[in-house]
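Undergrad: what follows is a predicted structure for the sequence shown.
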Amino acid sequence: MKIKEVAETLERFAPLPLQESYDNAGLQIGLTEVDNLTGVLLCLDVTEEVVHEAISKGCNLIVSHHPLLFRGLKRVSEQTMVERCVRLAICNGIGIYSAHTNLDNAEGGVNYEIARRLRAKPVGPLNAEGEGLLCELEQECGVAEFLMQIKDIFGVEKLSTNVDVKAENPVPASIRKIAICGGAGDFLLDSAVEHSADCFITGEMHYHQYFGLEGKIAIAVLGHYESEKFTIQLLHDILHKAHPELRIEETEINTNPIHYL
């Protein structure tokens, strides 16, 4: 089996033209015609530990969500983690492929996976570019209960929200319509408000964007890693369905660089 076949499968599901203009999804390292694919290691982020994990597990292709090569390199030495990962991958014959914002924006992609885990029915994208996802819960849910469900489902240690759930009458009182954007999705907050969503769920948001929306929409910020960690399972499902004979491994390394005290 060739790396090209894995790339083609992922790009049928999440075509590269769906990626944002700033992104660098697709093949990062390797030759598509390599025909001795020994296994695929799935991860959210490519780190030196992940590359070593691929080596130890006998996988010569890493498929990540976040691109290792996001901006151009001026050298390949050992100065930075990215440079060391490139050297380590090339020296050990390991290819690297990334499905990033194209997978975010694809129908059935990252935002749909978040909705599925929340048992919310997709309605459509949040804007004309197909970014984000508007969904509806089967039944209204109290805001405090819903926010706790988010924490439990996504394993969130500290959930950031603009709702004082300890207040006697928190606003909004209940949630039915939700807007979703995994990762850094604060650019879609206005779209969520325009769609009259009761709650906006994302991975990152700037401090000042929390102001002025009291009573209009509940904000739930999970953390970038927490909002996208199930992308690994999504990638697994896509590849296994198309290539049941392919050996697929999921990383055992938590690559979240953020720790809470």
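TA: Received, thanks. Residues are numbered from 1 along each chain as shown.

Undergrad: from here on, just use CA atoms for contacts and neighbour counts.
TA: Will do.

Undergrad: quick one, phi psi at the residue nearest to the spatial centre of the chain?
TA: Geometric centre of the chain, nearest residue: residue 228, 3.3 Å, by C-alpha atoms, centre = their mean. Per-residue torsions, residue 228: phi -120, psi 0 (degrees, to the nearest 10).

Undergrad: change the start of the numbering to 4 and stick with it
TA: In the new numbering, first residue 4, that becomes residue 231.

Undergrad: is it true that it touches residue 186?
TA: Yes. Assessed by C-alpha atoms under 8 Å, residue 231 is found in contact with residue 186 at 6.4 Å.

Undergrad: so for those two, which residues contact both of them?
TA: Common neighbours of residue 231 and residue 186, using C-alpha atoms under 8 Å, 6 or more residues apart in numbering, are residue 206.

Undergrad: and residue 147, helix, strand or coil?
TA: Assigned state for residue 147: helix (three-state reduction, DSSP: H, G, I helix; E, B strand; the rest coil).

Undergrad: can you show me the helices along the chain?
TA: Applying DSSP state H to the chain gives helices spanning 6-16, 51-59, 84-94, 104-108, 113-120, 146-157, 192-197, 227-231, 234-245.

Undergrad: which residues touch the second one?
TA: Here helix 51-59 makes contact (C-alpha under 8 Å, 6+ apart) with 43-44, 46, 63-65, 84, 87-88, 91-92, 95, 254, 256.

Undergrad: which pair in those spans the largest distance?
TA: The span of the contacts of helix 51-59, defined through C-alpha to C-alpha, is set by 43 and 84 at 21.5 Å.
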